[in-house]
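**Student:** below: sequence and its predicted model.
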Protein chains: 2
Amino acid sequence: MRLNSTSQYAIRILSYIARKQDEHILSAHELSEALNIPYKFLTKIMTKLVKAEFVESVRGRDGGFRLKDDPEKISIDDVLNLFNDSIKEEQCLLGIGACDTHCKCAMHDQWMKPKLLIQKLFRESSIKDISKKGSKI
Amino acid sequence: MRLNSTSQYAIRILSYIARKQDEHILSAHELSEALNIPYKFLTKIMTKLVKAEFVESVRGRDGGFRLKDDPEKISIDDVLNLFNDSIKEEQCLLGIGACDTHCKCAMHDQWMKPKLLIQKLFRESSIKDISKKGSKI
DNA sequence: TTTAAATTCTACCTAAAGGTAGTAATTGAT
DNA sequence: ATCAATTACTACCTTTAGGTAGAATTTAAA
């Protein structure tokens, strides 16, 4: 049970941009080096982030990427949703279709607490929160 | 973020066996039908469960599977570990190698609480617990 | 106007997860 | 002894995630 690596990368990319964009615009080259993400794979992720309007790109020489909005307006959950990696409301831990209070799976009740906590974490953590200096990205 | 379907299947299989094995031994055919798991894929999972000694098999006519031990001795975490799907201690939410109190990733602190809760849930829930009647498997 | 540094687009490759097919081995019942 | 119902084994197929290659496009600067 883990996040898929594309969404891990995306969160780290956005955090890194948030952390550095006041100094200079971030090129794919710099992001790839700094975050240790394969260059070609990173550019692929960037186009998704651009199309989803989390970042905007500046093309051509001296181009790069910057956040389109304030980093506090992007939640972790927003990013995960882009890569179908969030925890959905009806999602059953054991994969038995729709699982709700009327028709519970065997883990339903025990899973509620951690699930709600994770959803809260993902929804309430913004890119700004996790881009604060002092921890690795 | 979800369990992979092989471990979901495995948990449901073990729970179903726990629930029914006092009535009769469970054949792959019955398990496949009852749990709606593709027959051939199920038999593949069963051989792993046999080799890991969670279940023992009876070969030949009138054969099938039964739990090797008491269902309360098998935790969800045991099952997940067999399929590399548990949450490991050092496992970093953002995938940045080893992530501990000395060298934290940007999500480390916030992730601790949900992570510990999940680990506790997986370790303290046994197959017996979730095999109790009244919920779907 | 040419060049170099950048993003974008299209297409492909590789590895892992999920799933299938066929056959061999085992065993209780006839 | 044969048969039918079962698990075990080996090998393959399909889909998805992760990753790569190369050429097209854009743009600031020389």
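**Tutor:** Looks like it arrived, so ask away. Since the model is a prediction, treat every value here as computed from it, not as a measurement. Residues are numbered from 1 along each chain as shown, chains lettered A, B, ... in the order given.
**Student:** from memory A:V55 sits against A:M46, does it?
**Tutor:** Yes: A:V55 is within contact range of A:M46, at 7.1 Å (criterion: CB atoms under 8 Å). Any C-beta I mention is one placed from the backbone N, CA and C, and that applies to glycine too.
**Student:** look up how far A:Y9 lies from A:V58.
**Tutor:** Relative to A:Y9, A:V58 is positioned 21 Å away (CB to CB, to the nearest Å).
**Student:** so who does A:D85 touch?
**Tutor:** A:L3, A:N4, A:T6, A:S7, B:M1 (CB atoms under 8 Å, 6 or more residues apart in numbering or on different chains).
**Student:** what subset of those residues is buried?
**Tutor:** A:L3, A:T6, A:S7 (16 or more other CB atoms under 10 Å in any protein chain shown).
**Student:** surely the last one and A:D77 touch.
**Tutor:** No: under the criterion of CB under 8 Å, A:S7 lies out of contact with A:D77, with a separation of 10.6 Å.
**Student:** quick check: mean pLDDT of stretch A:105-122?
**Tutor:** Stretch A:105-122 shows a mean pLDDT of 94.
**Student:** swap in stretch A:129-137?
**Tutor:** On average, stretch A:129-137 scores 89.
**Student:** contacts for it?
**Tutor:** Under CB under 8 Å, 6+ apart, the answer for stretch A:129-137 is A:11-12, A:14-16, A:18-19, A:35, A:71-72, A:76, B:94, B:96, B:99, B:103-108, B:110.
**Student:** next: stretch A:9-16.
**Tutor:** Residues contacting stretch A:9-16 (CB under 8 Å, 6+ apart): A:26, A:31, A:34-35, A:37, A:41-42, A:45-46, A:48-49, A:54-55, A:67, A:71, A:74, A:76, A:79, A:82-83, A:127, A:130-131, A:137, B:94-96, B:106-107.
**Student:** output it as PDB, nothing but the C-alphas.
**Tutor:** C-alpha atoms of stretch A:9-16 as PDB (Å, rounded to 0.1, in the frame of the first residue of the first chain):
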ATOM      1  CA  TYR A   9       7.200  12.700  -8.200                       C
ATOM      2  CA  ALA A  10       4.400  15.300  -8.900                       C
ATOM      3  CA  ILE A  11       4.100  16.300  -5.300                       C
ATOM      4  CA  ARG A  12       7.900  16.700  -5.000                       C
ATOM      5  CA  ILE A  13       8.000  18.700  -8.200                       C
ATOM      6  CA  LEU A  14       5.300  21.100  -7.100                       C
ATOM      7  CA  SER A  15       6.900  21.500  -3.700                       C
ATOM      8  CA  TYR A  16      10.300  22.200  -5.200                       C
END
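**Student:** can you verify A:E56 is assigned to a helix?
**Tutor:** No: counting by DSSP: H, G, I helix; E, B strand; the rest coil, A:E56 falls outside a helix, being strand.
**Student:** for it, give the beta-bridge partners.
**Tutor:** Beta bridges link A:E56 to A:R66, judged by DSSP bridges.
**Student:** for chain B, see how far away it is.
**Tutor:** 23 Å (CB to the nearest CB, to the nearest Å).
**Student:** count the residues that sit near that residue.
**Tutor:** Neighbour count of A:E56, defined by other CB atoms under 10 Å in any protein chain shown: 12.
**Student:** and the pLDDT at it?
**Tutor:** So A:E56 comes in at 97 (pLDDT).
**Student:** can I assume it is in contact with A:R66?
**Tutor:** Yes: between A:E56 and A:R66 there is a contact under CB under 8 Å: 6.2 Å.
**Student:** returning to that earlier point: so which of the buried ones among the contacts of A:D85 would you say is closest to DNA strand D?
**Tutor:** Of all the buried ones among the contacts of A:D85, DNA strand D sits closest to A:T6, with 3.8 Å by CB to the nearest atom of the strand.
**Student:** how about that closest one: what's its closest non-neighbour residue?
**Tutor:** Closest residue to A:T6 apart from its sequence neighbours, by CB to CB, 6 or more residues apart in numbering or on different chains: A:F83 at 5.2 Å.
**Student:** any weak-confidence spans in chain A?
**Tutor:** Residues of chain A meeting the criterion pLDDT under 70: none.
**Student:** SS state for A:E30?
**Tutor:** helix.
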